[in-house]
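Colleague: 3D model of this:
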Amino acid sequence: MSTVTTETNEWDIELKPQDSVFNLHLKDVWNYRDLLWLLVRRDFVSFYKQTIFGPLWFFIQPIFTTITFTFIFGKLAGISTSGAPAPLFYMSGTIAWNYFSDCLNKTSTVFRDNASVFGKVYFPRLIMPLSIVFSNLVKFSVQLVLFLLLLVYYIFQENSTIQPNWYIMLFPVVILLMAMIGLGLGLIITAMTTKYRDLVFLITFGVQLLMYATPVIYPLAAAPAKYRDIIALNPLSGLIETVRYGFLGTGHFYVGAFAYSIAFAIVIFFLGLVVFNRVEKNFVDTV
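Modeller: Residues are numbered from 1 along each chain as shown. Coordinates of the predicted model:
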């Protein structure tokens, strides 16, 4: 009898056929943190491996996007930048937006892209979307260095209007909220794509269209009055405006929009976790 008891206590993982959808197995995720960092490193290295320019691609994308936006929206369309230098204005919005869109696009296909792995090996499925968020954070950090160098350049220009302020302290919170919104929406969408594959195509161009409903290429104050409240309903609007106000000192800090973004991020994040946790139990049968 004592021998049986000893062998039972040696198990460190217990798989159960039925479990509550609110049991998110966060302890298991922590126990598999080494796998998480391994996947983050794999994603980071595979991004530039066997390419000619290597890690320079992290800088090439935002630089060319900023140049294009400056020419088209700044020079040709004449859209206001609230007095901020156009390259700085567009790069601040671009790198923040890219972080959110990459998190959303890549997490929304987790089940489809990893179906073969999920069907063979056990590990907490949440590890995969989390690794996407963290690997994108590494890419974002590299591009942030480029933005800070450009910011310092414009600050020391004669007659510079750039005035960073204390709202810059909210920047880590803004990035956390963007990650929560991107991850939460991605988890919900990937759960739905196990049955409705059309969502994969919808999300691809839907995210591109959403950028124009977010103050990435224009300040919220420059939007027509009749559309301004609608754009403010976008939970990313308050976050992008907060980034610009903190770093550049231009535009406004919208307290209500920022509080709305916090509430939306918390709700969509936990809703995504619950939906993902419910679907991961039997998605292999439908993928």
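
Colleague: Report how many residues lie close to residue 52.
Modeller: Burial measure for residue 52: 7 neighbouring residues, criterion other C-beta atoms under 10 Å. Any C-beta I mention is one placed from the backbone N, CA and C, and that applies to glycine too.

Colleague: Now do the same contact list for it.
Modeller: Contacts here follow C-beta atoms under 8 Å, 6 or more residues apart in numbering; on that basis residue 52 touches nothing.

Colleague: So it, which state does it fall into?
Modeller: Secondary structure assignment for residue 52 (DSSP: H, G, I helix; E, B strand; the rest coil): coil.

Colleague: Local confidence estimate at it?
Modeller: pLDDT for residue 52: 74.

Colleague: Run through the strands of this structure in chain order.
Modeller: Counting by DSSP state E, the chain has no strands to list.

Colleague: Sketch out the low-pLDDT regions of it for me.
Modeller: Within the chain, the segments meeting pLDDT under 70 span 1-22, 24, 283-287.

Colleague: and if we set it to 80?
Modeller: 1-26, 44, 46-55, 115-116, 118-121, 194-195, 197-198, 200, 280-287 (pLDDT under 80).

Colleague: Can you give me the distance of residue 41 to residue 148?
Modeller: 24 Å (C-beta to C-beta, to the nearest Å).

Colleague: Just give me the neighbour total for residue 140.
Modeller: For residue 140, the neighbour count with other C-beta under 10 Å is 21.

Colleague: Could you tell me which residues make contact with it?
Modeller: 95, 98-99, 175.

Colleague: Could you check how far it is from residue 272?
Modeller: 20 Å.

Colleague: again with residue 174
Modeller: Residue 174 sits 19 Å away from residue 272, taking C-beta to C-beta as the criterion.

Colleague: Compare the two (neighbour count), which wins?
Modeller: Neighbours per residue (other C-beta under 10 Å) separate residue 174 from residue 272, with residue 272 holding more: 24 against 21.

Colleague: pretty sure the more buried one is touching residue 184, no?
Modeller: Yes. The pair residue 272 / residue 184 is scored as a contact, 3.5 Å apart, by C-beta atoms under 8 Å.
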